[in-house]
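S.K.: fold the following and give me the result.
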Amino acid sequence: MKKLPIGIQDYKKIIERDFIYIDKTEYIYKLVSSEVPIFLSRPRRFGKSLTVSTLYYLFKGEKELFKDTYIYNKWKFKEYPVIKLDMSDNTLTTFEEFIDSLNEKIEKLYKKYEIPKIENNLPTKFGHLIEELNAKYKEKVVILIDEYESPILEHINDKKKAEDFRAFLREFYKKVKTKDEYIKFVFITGITKFTKTGVFSALNNLNDISLDTDYSQMFGYTQNELEEYFKDYIKETAKRFDITKEELLKEMKKYYNGFSFDGEHYVYNPFSILKFFQKKKFQNYWFESGSPSFLSKYIEDKKITY
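M.R.: Numbers count the residues shown, from 1 in each chain. The predicted structure is shown next:
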């Protein structure tokens, strides 16, 4: 049996080390073919970072990683300059520490692509990097941003701090629009939409597909995917519980199939399913690992009642 990719967010590692990969590249093909800047929000532990990683290797032209997937014979593989940023992978304690941390990430990209760095503010450095990558490689730039709102969420209950982060991010992300002529594709993701208007007020060309029916099953496992990719684990687990496969699937559906992003189609949370097959025990795995503490704290601080 292929291994369960619990906590693994790197597409290359999943493919090369024989972990189960649920092929979502049909959705990815549709997105990248449109060349429209994309925004998508999903709860934690739904595969956002894995999708960003998959896009990274796609645009780096690593075709053999996509063998046996939907996109393999459809996409024209070539290497593009890619700017990939995870906004949660920064020091978020104070605004100053965040700026230093992000600045270090941007300067690493300058060094990686052998572009002379400039001394300026971060939004200007970001915009300059986009232009220079386009000029150097004679290819338009791909921008992938994960956890776009993480600095704001970290301080959501401190209005002044949150506003400082939001004001900065608004200027930073604005470069994605002003440098549009140098950009091939943009994919931005996070767990919330409520900061979207404030952060992206100057970036109004994003196509928000968070609640689109066409992409409602791009994240999470469908019933068919569950039964196709995990059939050996289903058989093994049913045997452990001493019940039939049909009885097990019925219980799993009752327990884990409660997520819908368009009100029509339902999906299983990937983390819950992987942990269930690992532990072979019905438990609230997603809530224990990814409950939105910032939301409960916000409700408490604002004294929100039913």
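
S.K.: buried residues in stretch 155-163?
M.R.: 155-156, 161-162 (16 or more other C-beta atoms under 10 Å). Bear in mind the C-beta positions are built from the backbone N, C-alpha and C, glycine included.

S.K.: widest-spaced pair of those residues?
M.R.: Between any two of the buried residues of stretch 155-163, the greatest separation by C-beta to C-beta is 9.1 Å, found for I156 and K161.

S.K.: domain map for this structure?
M.R.: Following the TED database, one finds the domains of the chain at 11-215, 223-289.

S.K.: Serialize these to CSV and add fields for distance to E300.
M.R.: Shown next, in CSV, are the domains of the chain (distance: least, C-beta to C-beta, whole Å):
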stretch, distance to E300
domain 11-215, 9
domain 223-289, 18
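
S.K.: can you redo these as TSV with mean pLDDT?
M.R.: TSV is the format used below for the domains of the chain (pLDDT from 0 to 100):
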stretch	mean pLDDT
domain 11-215	93
domain 223-289	93
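
S.K.: to Y298, which of those lies closest?
M.R.: Y298 lies closest to domain 11-215 among the domains of the chain, at 5.9 Å (C-beta to C-beta).

S.K.: quick check: end-to-end length of that closest one?
M.R.: With C-alpha to C-alpha, to the nearest Å as the measure, the ends of domain 11-215 fall 20 Å from one another.

S.K.: try stretch 250-266
M.R.: Stretch 250-266 has an end-to-end distance of 14 Å (criterion: C-alpha to C-alpha).

S.K.: quick one: buried residues of it?
M.R.: Quick answer for stretch 250-266 (16+ other C-beta under 10 Å): 252, 256-257, 259, 261, 266.

S.K.: one more: stretch 97-114?
M.R.: Of all the residues in stretch 97-114, those buried under the rule 16+ other C-beta under 10 Å are 98-99, 101-102, 105-106, 109-110.

S.K.: how about residues contacting the lengthiest strand in the chain?
M.R.: For the chain, the strand with the greatest residue count under DSSP state E is strand 183-190. Residues from elsewhere that reach strand 183-190, judged by C-beta atoms under 8 Å, 6 or more residues apart in numbering: 31-32, 35, 37-42, 48, 51-52, 55, 59, 80, 87, 130, 139-150, 173, 176, 206.

S.K.: in strands, which of those residues fall?
M.R.: Using DSSP E to define strands, the subset of the contacts of strand 183-190 located there is 38-41, 141-146.
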